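Peer 1: I'll drop the sequence and a predicted model, then ask my questions.
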Amino acid sequence: RPWLKRRIKRSVKTVRGVVAEPHKVPSQIRAALLKIWRTRGGGFYGFGYVVAFVVLEVRAFVGNFEGDGDVASMIVQEVLQFFFRFAVQSFINGFIAFGWPVFVLDYLGGWGLLLLGAGWVAFEYLAKPLINARLPELAPEEKPPQAGTQ
């Protein structure tokens, strides 16, 4: 299973990098979230996907602190669940995040449809120009004019 070895090596490299240079963590998180957003289209749906994914990951992380255990047992539990959570749980959270509009509709009913429509309009016409100005790496590439067309 070479993909598993690569994933483990990448995870170990990330942990070592965090320990060696913890000040780089915010920029690494930002870069990872922007990459996820770009792969999901970089628009309203991608933004909703990233928000849903982050909420699911935070819930999974906070869930580790719930219960009667002390800090030492929580750390042991974190180490034991490391492979499960990053391999399987992140995959599951990513899969669930694909359906974020369904959760909005389920939670808000008919108002959810109105909210999704209003959110899309607000995102496209208000937020997206601001985001593209602040994060030029997300702005769509302009295509050069083709020869023979004006």
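Peer 2: On my side now, so go ahead.
Peer 1: make it CA atoms for all contacts and neighbour counts henceforth
Peer 2: Fine.
Peer 1: Any stretches of the chain with poor pLDDT?
Peer 2: 1, 4, 64-72, 74-75, 77-89, 138-150 (pLDDT under 70).
Peer 1: residue nearest the centroid of it?
Peer 2: Among the residues of the chain, the one closest to the centroid is residue 50, at 3.8 Å (CA atoms, centre = their mean).
Peer 1: give me every residue that touches residue 33.
Peer 2: For residue 33, the contacting residues are residue 50, by CA atoms under 8 Å, 6 or more residues apart in numbering.
Peer 1: Which element, helix or strand, includes it?
Peer 2: Secondary structure from DSSP states H and E places residue 33 in helix 25-39.
Peer 1: Buried residues, that helix. List them.
Peer 2: Along helix 25-39, these residues count as buried under the neighbour rule (16 or more other CA atoms under 10 Å): 33, 34, 36, 37, 38.
Peer 1: wouldn't the fourth one be in contact with residue 47 here?
Peer 2: In this case it means residue 37. Yes. Shown here, residue 37 and residue 47 form a contact pair, counting by CA atoms under 8 Å, at 6.1 Å.
Peer 1: before we move on, the earlier item: skip the chain neighbours and tell me the closest residue to the residue nearest to the centre of the chain.
Peer 2: Spatially, and ignoring its direct neighbours in sequence, residue 50 is nearest to residue 37 (6.2 Å; CA to CA, 6 or more residues apart in numbering).
Peer 1: now that neighbour: how far from residue 46?
Peer 2: Using CA to CA, to the nearest Å, we find residue 37 at a distance of 5 Å from residue 46.
Peer 1: Closest one to residue 123 out of the buried residues of helix 25-39, please.
Peer 2: Comparing these against residue 123 with CA to CA picks out residue 37 as the nearest, at 14.0 Å.
Peer 1: what's the distance between that closest one and residue 49?
Peer 2: Taking CA to CA as the measure, residue 37 falls 7 Å from residue 49.
Peer 1: and if you look at residue 55?
Peer 2: From residue 55 across to residue 49, the span is 10 Å (CA to CA).
Peer 1: more neighbours, the two?
Peer 2: Set side by side, residue 55 and residue 49 show more neighbours around residue 49, with 24 against 14, by other CA atoms under 10 Å.
Peer 1: In contact with that one, which residues are there?
Peer 2: For residue 49, the contacting residues are 37, 40, 97, 98, 100, by CA under 8 Å, 6+ apart.
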